[in-house]
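Chemist: Model the following, please.
(one chain, ligands or ions: 1)
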Amino acid sequence: LKLAVLVSGGGSNLQAIIDACNTPDYPAEIVLVFSNQLDAGGLERGRKAGIRSEAISHKGYPGGREAYDTAVSALIEESGADLVVLAGYLRLVSESFVTRWKDKLINIHPSLLPSFKGLHVHQAALDAGVKFAGCTVHYVVPEVDSGPIIAQAVVPVLPGDDAGKLAQRILKQEHRIYPQVIRWIAEGRVSVDDKGIVTVADAK
Ligand code: GRF
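Modeler: Model prediction:
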């Protein structure tokens, strides 16, 4: 399975996917790293791994979000990717982008969806007093942080946690489940029913 990984920041999830791709028999490879931030740390990780890594700044892009996303789609198409992986891509994608990559577009979010959508979710979880937090990998639909849930991982909220500590604990799980989900998809084991419920078939 050929992957395009979209990042805006440091790219630790990207790194986890790069590392997975470098293990024997992993059924996917990254053909493109893309960022909307010219100085994203993720681009450096991609280049170091010898992966085509490109950025187009969204700031002042002529034609706005639609035109920008059309350019991004063209780049992904040209790369030959068949799955688009959002990994800390901090930019809303347009509805036409979601339609173009329907069923081929996944995201990771650092909460147990449908709780705590949006930004600053670790603080929001602490403020709500939840005793467990976690992360979710899901297919992307036009509505933000929604869409069929493929996998989740749970971590405890511990006494003395702050947003940073909780984020680190969750990030560790992100790095585990994102490569795992990509493997399942590459192996053709993931299906979604008409109610948006995902089933992962047993490995053959
Ligand atoms: C992760 O917590 C991810 O879930 C969220 O943004 C963060 C990105 O971290 N969407 P990194 O760039 O992969 O290190």
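Chemist: Counting by contacts, list what the lengthiest helix in the chain packs against.
Modeler: The longest helix of the chain (DSSP state H) is helix 163-186. With contacts taken as 3 or more Cβ pairs under 8 Å, 6 or more residues apart in numbering; DSSP states H and E, helix 163-186 sits against helix 12-21, strand 83-86, strand 105-109, helix 121-128, strand 132-139, strand 149-156. To be clear about C-beta, it is placed using only N, CA and C from the backbone, and glycine gets the same treatment.
Chemist: Make JSON lines out of these and add mean neighbour count and mean pLDDT.
Modeler: JSON lines is the format used below for those (neighbours: other Cβ atoms under 10 Å; pLDDT from 0 to 100):
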{"stretch": "helix 12-21", "mean neighbour count": "21", "mean pLDDT": "98"}
{"stretch": "strand 83-86", "mean neighbour count": "23", "mean pLDDT": "98"}
{"stretch": "strand 105-109", "mean neighbour count": "24", "mean pLDDT": "98"}
{"stretch": "helix 121-128", "mean neighbour count": "18", "mean pLDDT": "98"}
{"stretch": "strand 132-139", "mean neighbour count": "22", "mean pLDDT": "98"}
{"stretch": "strand 149-156", "mean neighbour count": "17", "mean pLDDT": "98"}
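Chemist: Compare these and give me the one nearest the ligand.
Modeler: helix 12-21 (3.1 Å; Cβ to the nearest ligand atom).
Chemist: Report the inter-axis angle for whichever helix or strand comes after that closest one versus helix 163-186.
Modeler: Sequence order places strand 29-35 as the next helix or strand after helix 12-21, per DSSP states H and E. Going by axes from the mean of the first three to the mean of the last three Cα atoms, to 10 degrees, strand 29-35 is angled at 140 degrees with respect to helix 163-186.
Chemist: still on that earlier bit, for Leu3, find the nearest of the helices and strands packed on helix 163-186.
Modeler: Closest approach to Leu3 among those (Cβ to Cβ): strand 83-86, 5.3 Å.
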